[in-house]
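Trainee: Predicted model and sequence follow; I will ask about them next.
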Amino acid sequence: MKKITRILQWGLMIVLGGQLSLAQQTNVPHSLQERMQWFQDAKLGVFIHWGIYAVKGVDESWSFYNKKISYKDYMSQLNGFTASKYNPEEWAALIKESGAGYAVLTTKHHDGVALWPTKENHYSVVKNAPAKRDLLKPFFQALDKYGIKRGAYFSLIDWSHPDYPAITRDSNRYKMENDPARWQRFQKFLHAQIAELNTNYKPDLWWFDGEWEHNAKEWQAEKINASILQANPWAISNDRLQDFGNYETYEQTIPPTKPKKFPYWEACMTSNLNWGYHPDDTNYKTPYQVISIFADVISNGGVYLFDIGPKEDGTISTEQVHLLKELGKWNKKHKEAIFGTLAGIEAGHFYGPTTIAKDSTTLYLFLQPNTSGQVMLKGLDNTIKKIRVVGTNHLLTHQVQSKMTWGNVPGIVYINIPAEVNDQYMTVLALELDKPLKMYKSDGEK
Ligand code: GLC
């Protein structure tokens, strides 16, 4: 149901074209492009699902909603949520090492438990768990110290709140139409929590979730959006605030080709099969898989939000630390081809991901693992001055074949790849060009 609602919303967004992003720009002193620039250049973010669900290692919120566990059992995890080894400085250092430019922490999931000391009369790990302290503030402070942008995940749904209609997949407290005043009380509460975060934490990025249970009017999405921009005119948000938001959010999936309608998009993905800590889930992606997804995302102009799920004590599993560190090593070596680059050339010219330097005079080609022999590039209407293997001193040779002297169709470029230049994960080539990149896009000549 959740998925279907989202697909319908996307359909609507596509029909309305650019209108949505224009709507958000009203009353905003900075253009959308200016506000999105850091996000677009960052390319990588780290998503952190941390909450009481880590105590038993069950699905975040969904475990009680889907009745895998009773609500009482689920909420009893509050007693075991200690954050006893939580070291936000270490988290921020690891995120920095991964190469990510922003982090998004679950300030409140659908279970309604806040990680900050909410003044509202509702659950928080400060009031109701042995953690007993604000977990958000020190994290945001550590991020500031490392120059990483601060993202707040916030669930609009709150299945624990006495004035919220839904409790589990087959039970409701009440029907909104029968008790509008009760829903208004919930709205007041919701807006008050958002105001607390706006005032005391000022996120750079709002990552909304759980929008599918109500429409924009019911959430008062316009008002929420306005309050965010009033508190921080530079703030950006994902598209899960119904009709509002600045970028498209893909979840556990990547578009096979460049999305055409919206200039900004992000793909969030788990590192195993779960968002939160799940000790029984050992189905981790390999570093190569993470890197190949990342390369594919940036090639298509997107941003990758890689998820980790810390344990209840605040430590991060060795597998997730390993993935972040390997990704970081690869990012460091290949940084010129990743950060601050533009989306690559259209599919079909080269069999693999590509990116383009901002001045368009360097084209980066990302090779599949263990490539040796030759790779082919079609339609390059430039002269190649030099081919470097990024992060090494290797220079490569190439040949141009079938260039007809009488025609406009560029020749086919073959680049020689000696096996010894291969990176452990993905090798990247920098093609330095004579002038800004020009790709031949017609059908050829006969
Ligand atoms: C979904 C899930 C939620 C998870 C989120 C991350 O919306 O409901 O549990 O936090 O995706 O993208």
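Mentor: Yes, it's here.

Trainee: interface residues of the stretch 151-300 of the chain facing the ligand?
Mentor: Residues of the stretch 151-300 of the chain lying close to the ligand by Cβ under 6 Å from any ligand atom are 209, 251, 268, 275. C-beta: built from backbone N, CA, C; applies to glycine.

Trainee: Now restrict the residues you listed to buried residues only.
Mentor: Restricting those to buried positions leaves 209, 268, 275, with burial counted as 16 or more other Cβ atoms under 10 Å.

Trainee: Go ahead and confirm the first one touches residue 158.
Mentor: This points to residue 209. No. Using Cβ atoms under 8 Å, residue 209 makes no contact with residue 158, being 11.4 Å away.

Trainee: which residues are common contacts for these two?
Mentor: Common neighbours of residue 209 and residue 158 (criterion: Cβ atoms under 8 Å, 6 or more residues apart in numbering): residue 110.

Trainee: coming back round to it: mind checking which of the buried ones among the residues of the stretch 151-300 of the chain next to the ligand are in strands?
Mentor: Using DSSP state E, the members of those that fall in strands are 209, 268.

Trainee: In JSON lines, list the buried ones among the residues of the stretch 151-300 of the chain next to the ligand along with distance to residue 353 and pLDDT.
Mentor: As requested, these are arranged in JSON lines below (distance: Cβ to Cβ, whole Å; pLDDT from 0 to 100):
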{"residue": "209", "distance to residue 353": "28", "pLDDT": "98"}
{"residue": "268", "distance to residue 353": "19", "pLDDT": "98"}
{"residue": "275", "distance to residue 353": "26", "pLDDT": "98"}
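
Trainee: and the gap between residue 155 and residue 346?
Mentor: Residue 155 sits 38 Å away from residue 346, taking Cβ to Cβ, to the nearest Å as the criterion.

Trainee: before we move on, what about residue 192?
Mentor: Per Cβ to Cβ, residue 192 is found 48 Å from residue 346.

Trainee: burial measure for the residue of the stretch 1-150 of the chain found nearest the ligand, as a count.
Mentor: The nearest approach of the stretch 1-150 of the chain to the ligand comes at residue 60, 4.9 Å away (Cβ to the nearest ligand atom). If you count neighbours by other Cβ atoms under 10 Å, residue 60 ends up with 22.

Trainee: from now on call the first residue 53
Mentor: Renumbered: residue one is now 53, and that last one reads residue 112.

Trainee: What strand or helix carries it?
Mentor: Following DSSP states H and E, there is no helix or strand that holds residue 112.

Trainee: Show the model's pLDDT score for it.
Mentor: Residue 112 carries a pLDDT value of 98.

Trainee: same thing with residue 75?
Mentor: Among the per-residue scores, residue 75 holds a pLDDT of 41.

Trainee: Likewise for residue 378?
Mentor: 98.

Trainee: Could you do residue 59 as well?
Mentor: pLDDT recorded at residue 59 is 47.

Trainee: Now the element after the lowest-mean-pLDDT helix or strand in the chain, going C-ward?
Mentor: The least trusted helix or strand in the chain, going by mean pLDDT, DSSP states H and E, turns out to be helix 71-77, with a mean of 42. Next along the chain after helix 71-77, taking DSSP H and E as the criterion, comes helix 84-94.

Trainee: I'd like to know which elements that following helix is packed against.
Mentor: Here helix 84-94 touches helix 71-77, strand 154-160, strand 201-207, strand 288-289, strand 355-360, going by 3 or more Cβ pairs under 8 Å, 6 or more residues apart in numbering; DSSP states H and E.

Trainee: now with 7 Å?
Mentor: Applying 3 or more Cβ pairs under 7 Å, 6 or more residues apart in numbering; DSSP states H and E, one finds that helix 84-94 contacts strand 288-289.

Trainee: helices and strands around the strand it packs on, which ones?
Mentor: helix 84-94, strand 257-261.

Trainee: same thing but 10 Å
Mentor: Here strand 288-289 touches helix 84-94, strand 201-207, strand 257-261, helix 273-283, going by 3 or more Cβ pairs under 10 Å, 6 or more residues apart in numbering; DSSP states H and E.

Trainee: and residue 468, which of these is closest to it?
Mentor: helix 84-94 (32.5 Å; Cβ to Cβ).

Trainee: looking only at pLDDT, what's the mean for that closest one?
Mentor: Averaging pLDDT along helix 84-94 yields 96.

Trainee: I would like the residues contacting it, please.
Mentor: Helix 84-94 is contacted by residues 70, 73-74, 76-77, 80-83, 97, 151-154, 200-201, 203, 256-257, 281, 285-288, 298-299, 315-316, 318, 353-356, 390-395, 410 when judged by Cβ atoms under 10 Å, 6 or more residues apart in numbering.

Trainee: residues contacting the residue nearest to residue 316 when sequence neighbours are not counted?
Mentor: Distances taken as Cβ to Cβ, 6 or more residues apart in numbering place residue 299 nearest to residue 316, at 3.7 Å, with adjacent residues excluded. Counting by Cβ under 10 Å, 6+ apart, residue 299 touches 73, 84, 88, 91-92, 257, 288-291, 314-318, 354-355.

Trainee: Phi, psi for residue 299 please.
Mentor: phi -150, psi 160 (degrees, to the nearest 10).

Trainee: And the pLDDT at it?
Mentor: Note for residue 299: predicted pLDDT of 96.

Trainee: Just want to check the distance between it and the ligand.
Mentor: Using Cβ to the nearest ligand atom, to the nearest Å, residue 299 is found at 14 Å from the ligand.

Trainee: And that residue, how close does it get to residue 326?
Mentor: Taken as Cβ to Cβ, the span from residue 299 to residue 326 is 24 Å.

Trainee: How about residue 87?
Mentor: Applying Cβ to Cβ to residue 87 and residue 326 gives a distance of 32 Å.

Trainee: Where does the prediction get shaky in the chain?
Mentor: Counting by pLDDT under 70, the chain shows low-confidence ranges at 53-81.

Trainee: What's the end-to-end length of stretch 126-145?
Mentor: 32 Å (Cα to Cα, to the nearest Å).

Trainee: cool, and stretch 388-403?
Mentor: 21 Å.

Trainee: ok, now which ones touch residue 429?
Mentor: By Cβ under 10 Å, 6+ apart, the contact list for residue 429 reads 397, 401-404, 406, 415, 417, 436, 450, 452, 462-467, 481, 483, 491.

Trainee: Distance to residue 430 added to the helices and strands packed on strand 288-289, as TSV?
Mentor: Listed next are the helices and strands packed on strand 288-289 as TSV, based on distance: least, Cβ to Cβ, whole Å:
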stretch	distance to residue 430
helix 84-94	28
strand 201-207	38
strand 257-261	38
helix 273-283	44
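
Trainee: closest to residue 370 out of these?
Mentor: Judging those by Cβ to Cβ, what sits closest to residue 370 is strand 201-207, at 24.1 Å.

Trainee: roughly how far is that closest one from the heart of the chain?
Mentor: Distance of strand 201-207 from the chain centroid (Cα atoms, centre = their mean, to the nearest Å) equals 11 Å.

Trainee: For PyMOL, write the select line for the buried members of the contacts of residue 429.
Mentor: Selection of the buried residues among the contacts of residue 429 in PyMOL, burial being defined by 16+ other Cβ under 10 Å:
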select buried, resi 397+401+402+404+406+415+417+436+450+462+463+465+466+467+481+483+491
